[in-house]
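1. with the sequence up front, the predicted model follows.
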Amino acid sequence: MGTNVAAAHPQDAAPPAPQPAVTAVPDEGVGRTLMSARAVAEAAERLAAPSSVVTSVLELLDNESAAARAIGQRVAQSPEISAHVMRVANSALFGEPVDSIDRAIVRLGHRSLRGILLAASTYKLLEAGLRIYSLPRLALFSHSNDVAQMAQTIASQVSPAHAPAAYLAGLLHDIGKPILADVARANPDLPAVRSTAEERHVFGTDHALVGQWIARRWSLPEDMCDAIGTHHAADPPEGEVARAVWLADVVVHARQGMAAANAHLTEAAVACGVATDTLESILTDGDQDDSLPKRPSGLTDREMQVLRLLATGAAAKQVAQDLGCSVSTVHNHLHHVYRKLNVTGQAQALLMAREMGWV
C-alpha cells in the first residue's frame with residue numbers, strides 16, 4: 001500500500017493527518033474553523049435518528065431469540081423499508097429470489113438487515129438538495145446508489161463474502177454531507193464547500209468522519225464504519241469492505257468524467273487488488289439492475305397481470321374488464337398477492353413491485 005493514489009479522489013489531493021471523530025474535536029480548535037463541532041454533533045443526533053419502525057426492528061434484532069416472523073411484521077409496517085429489504089435479498093449475490101419478507105430476513109441475517117434498515121431510514125436525507133455543496137435534489141441519492149452498486153460489484157470480484165456489507169456501506173458513505181448541509185442551512189453566510197479540506201475549515205470536521213461517527217452510534221459493524229470514514233483516504237484503506245467502497249467512489253467519479261479520477265483509476269484498482277482486465281469488465285458492465293428478478297417466484301401469471309394493470313393506474317373494475325373476469329376475482333387475486341408478498345395492501349404491493357422492477 002505504499003503507492004499514494006490520493007489524486008484519484010479529486011476532493012482529497014492533499015488530505016491532512018487523520019482526525020478524531022466529530023465529538024472529539026476539541027473546542028479550543030474551533031478558532032481555526034467557522035463552526036463549532038458541537039453544532040455538527042447536535043445536528044447529526046437530530047437528523048440521523050432512525051424512524052420508529054426502524055427503532056422497533058433494531059430492538060428486536062438485539063434480541064437473539066426474536067423470530068423472523070416477528071421481525072418481518074415490524075418491517076412490513078414501512079413499505080419503503082420492505083421494498084429495500086426485498087431488493088437486497090433478491091440481488092444476484094444470493095441466487096434464487098425470495099418472495100416474502102420473512103424469507104428475505106432469514107436470507108440476509110441480522111447483521112445485513114441492521115445495515116439495510118439504517119440505510120433505508122436515511123433516504124430522505126440523501127434526496128434533498130444541498131446548497132453548501134451546490135448539489136441539486138437527488139444528486140447525492142443517485143451518487144450513493146451508484147457507489148453502493150459499484151462497491152458490491154467490486155467486492156463480488158475480490159471478496160464475495162463482503163459484497164453485502166460493501167453495498168450497504170456504499171449507500172451510507174456520504175451520509176455526513178446532508179448533516180453538515182443542515183448545519184450550514186442555519187448559517188447562510190457560510191461559503192460553498194468543494195473539498196474535505198474546506199469542510200474541515202468550515203465545520204471543524206468532514207463528512208466522512210461525521211458519517212463514521214453516526215454509523216458507530218447506530219452500532220453498525222466496524223468494517224462498515226471504517227468504510228464510511230475512510231472513503232476519501234489518500235491510499236486504499238485496510239479491510240475488504242472499506243477498500244471496495246473507496247475504489248467504487250473512484251470508479252463512479254471516473255465514469256462521471258472527472259479527469260483526476262480517470263487519470264489514476266488503473267493505479268487505484270491495482271492498489272486494491274483488482275486486475276486490469278477485471279476493472280475493464282466492471283467498467284463495461286452497463287446495467288447492474290439486470291441482476292434483479294423480473295417477477296417474484298411465488299406469483300402466478302394472472303396475479304402478475306393484475307399487479308401490472310393496477311400499476312398503470314387502472315381501477316379494479318377496469319382490470320376485471322381487461323381480463324374478462326369479475327371484480328371479486330380481481331380482489332381474490334390481490335388477496336393472494338398481498339399474502340405472498342407479505343404486505344398489507346395495494347399501495348405496499350405496488351411500491352414493492354416498482355422497487356423490484358416487476359412492473
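-> Looks like it arrived, so ask away.

2. how close does Leu138 get to Leu168?
-> According to C-beta to C-beta, to the nearest Å, Leu138 and Leu168 sit 20 Å apart. Where you see a C-beta, it was placed from the backbone N, CA and C, and this is true even at glycine.

3. more crowded one of those two?
-> Comparing Leu138 with Leu168 by neighbour count (other C-beta atoms under 10 Å), the higher total belongs to Leu168, at 30 against 12.

4. tell me the pLDDT at the more buried one?
-> On pLDDT, Leu168 comes in at 86.

5. where's it relative to Val85, distance?
-> Distance, Leu168 to Val85, using C-beta to C-beta: 12 Å.

6. now Ile228
-> Using C-beta to C-beta, Ile228 is found at 21 Å from Val85.

7. same thing with Ile116?
-> Between Ile116 and Val85 the distance is 6 Å, computed by C-beta to C-beta.

8. next, count neighbours for Leu130.
-> If you count neighbours by other C-beta under 10 Å, Leu130 ends up with 22.

9. got the phi and psi for it?
-> When read as degrees, to the nearest 10, the backbone of Leu130 gives phi -120, psi 100.

10. so what's it closest to, chain neighbours aside?
-> Nearest residue to Leu130, sequence neighbours excluded (C-beta to C-beta, 6 or more residues apart in numbering): Ala181, at 4.1 Å.

11. next, that neighbour: phi, psi?
-> When read as degrees, to the nearest 10, the backbone of Ala181 gives phi -60, psi -30.

12. so who does it touch?
-> Ala128, Leu130, Arg131, Ile132, Tyr133 (C-beta atoms under 8 Å, 6 or more residues apart in numbering).

13. output these as a markdown table; include the columns distance to Val202.
-> Shown next, in a markdown table, are the contacts of Ala181 (distance: C-beta to C-beta, whole Å):
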| residue | distance to Val202 |
| --- | --- |
| Ala128 | 19 |
| Leu130 | 13 |
| Arg131 | 13 |
| Ile132 | 8 |
| Tyr133 | 11 |
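
14. drop anything exposed from those.
-> Ala128, Leu130, Ile132, Tyr133 (16 or more other C-beta atoms under 10 Å).

15. from these, pick the one nearest Val306.
-> Closest approach to Val306 among these (C-beta to C-beta): Ala128, at 35.8 Å.

16. surely that closest one and Arg137 touch.
-> Yes - under the contact definition of C-beta atoms under 8 Å, Ala128 touches Arg137, with a separation of 6.2 Å.

17. in this structure, which ranges drop under the pLDDT threshold?
-> Within the chain, the segments meeting pLDDT under 70 span 1-37, 91-96, 285-297, 355-356.

18. who's in contact with the residue nearest in space to the middle of it?
-> Closest to where the C-alpha atoms of the chain average out (C-alpha atoms, centre = their mean) is Leu171, at 2.2 Å. Listed by C-beta under 8 Å, 6+ apart, the contact set of Leu171 reads Ala119, Thr122, Ser144, Asn145, Val147, Ala148.

19. most neighbours, which of the residues you listed?
-> Val147 (29 neighbours).

20. out of everything not next to it in sequence, what's closest to it?
-> Counting by C-beta to C-beta, 6+ apart, Val147 lies nearest to Gly170, which is 4.3 Å off, once chain neighbours are set aside.

21. OK, contacts around Asp174?
-> Listed by C-beta under 8 Å, 6+ apart, the contact set of Asp174 reads Leu126, Leu140, His143, Ser144, Val147, His207, Gly211.

22. in helices only, show me those residues.
-> Within the contacts of Asp174, residues falling in helices by DSSP state H are Leu126, Leu140, His143, Ser144, Val147, His207, Gly211.

23. closest to Val327 among those residues?
-> When the ones in helices among the contacts of Asp174 are compared for distance to Val327, the smallest value, 40.5 Å, is given by Leu126; criterion: C-beta to C-beta.

24. excluding covalently adjacent residues, which one is nearest to the closest one?
-> Per C-beta to C-beta, 6+ apart, closest to Leu126 is Phe141, 4.2 Å.
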